[in-house]
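Colleague: let's see this in three dimensions:
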Amino acid sequence: MNQLDADAIITSLRTGTWTTADLVRIAHALAQHGKNTTSILGQFGEELVAKAFNGTVAPFHQKAFDVRTPKHGDLQVKTFSVGKRAGVIRSFTHDVVTVEIDPATASVRSAKLYAADDLYAEFKRLFDGKYAALGMTWGGRQQDRFERGWTIPSGVVPSTDVTDRFRSTEM
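Modeller: A predicted model of the protein is given here:
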């Protein structure tokens, strides 16, 4: 790509006519060349969850949750690409929605809702049996942050499939 092509893309971006879905597709193309695109994908997931759960995206500086909803309360959002896995959680005080995105099409492949209490129970079980023995520290209460971060084990923690909520929210 030459400088004129790049300038044309940047000019188009600055007009504000591209959607976040367009940016996800661009991020996918960038990722194929080794570029980090996590924050664009995360923002897209938060926007999708806000729309699917009739909520609003929390400010960037907000810790512990990403979307505030009227029915489900505050939600953490973990967005990831097909073939990857959801990012780590450090707080067990809010329910978590994981959203798997096909970056080539910016469409939701699957979405799951996890209850904070279920996540905490599994983390505590694993911490007591594994992490503490490895010398990792954590305060021991549900409201304490696990700074190292914890990945939700596949198929272990109960979840609700909420993929259908996203079929009408694609951007």
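
Colleague: next, count neighbours for Val49.
Modeller: 30 (other C-beta atoms under 10 Å). Quick note: C-beta positions are derived from backbone N, CA and C, even for glycine.

Colleague: who touches the helix or strand hosting it?
Modeller: Element membership for Val49 (DSSP states H and E) is helix 38-52. Here helix 38-52 makes contact (C-beta atoms under 8 Å, 6 or more residues apart in numbering) with 20-21, 23-24, 26-27, 55-57, 66-67, 69, 75, 77-81, 87, 97, 99, 101, 103, 106, 108, 111, 162, 165-166, 169-171.

Colleague: rerun that using 7 Å as the cut-off
Modeller: Residues outside helix 38-52 that contact it (C-beta atoms under 7 Å, 6 or more residues apart in numbering): 20, 23-24, 27, 56-57, 66-67, 75, 77, 79, 81, 97, 99, 101, 108, 165-166, 169, 171.

Colleague: again with stretch 147-157
Modeller: Applying C-beta under 7 Å, 6+ apart, the contact partners of stretch 147-157 are 85-86, 88-90, 114, 118-119, 122-123, 136.

Colleague: recalculate using a threshold of 6 Å.
Modeller: With contact meaning C-beta atoms under 6 Å, 6 or more residues apart in numbering, stretch 147-157 is reached by 88-90, 114, 118-119, 122-123, 136.

Colleague: pull out the buried members of those.
Modeller: Buried members of these, counted by 16 or more other C-beta atoms under 10 Å: 89-90, 114, 118-119, 122-123.

Colleague: pick out whichever of the contacts of stretch 147-157 sits closest to Asp144.
Modeller: Top of the list for closeness to Asp144, among these and by C-beta to C-beta, is Arg90 at 9.6 Å.

Colleague: hmm, that closest one is touching Arg145, no?
Modeller: Yes - counting by C-beta atoms under 6 Å, Arg145 is a contact partner of Arg90 at 4.9 Å.

Colleague: before we move on, the earlier item: restricted to helices, list the contacts of stretch 147-157.
Modeller: Among the contacts of stretch 147-157, the ones falling in helices (DSSP state H) are 118-119, 122-123.

Colleague: check Thr93 and give its pLDDT.
Modeller: At Thr93, the pLDDT value in this model is 94.
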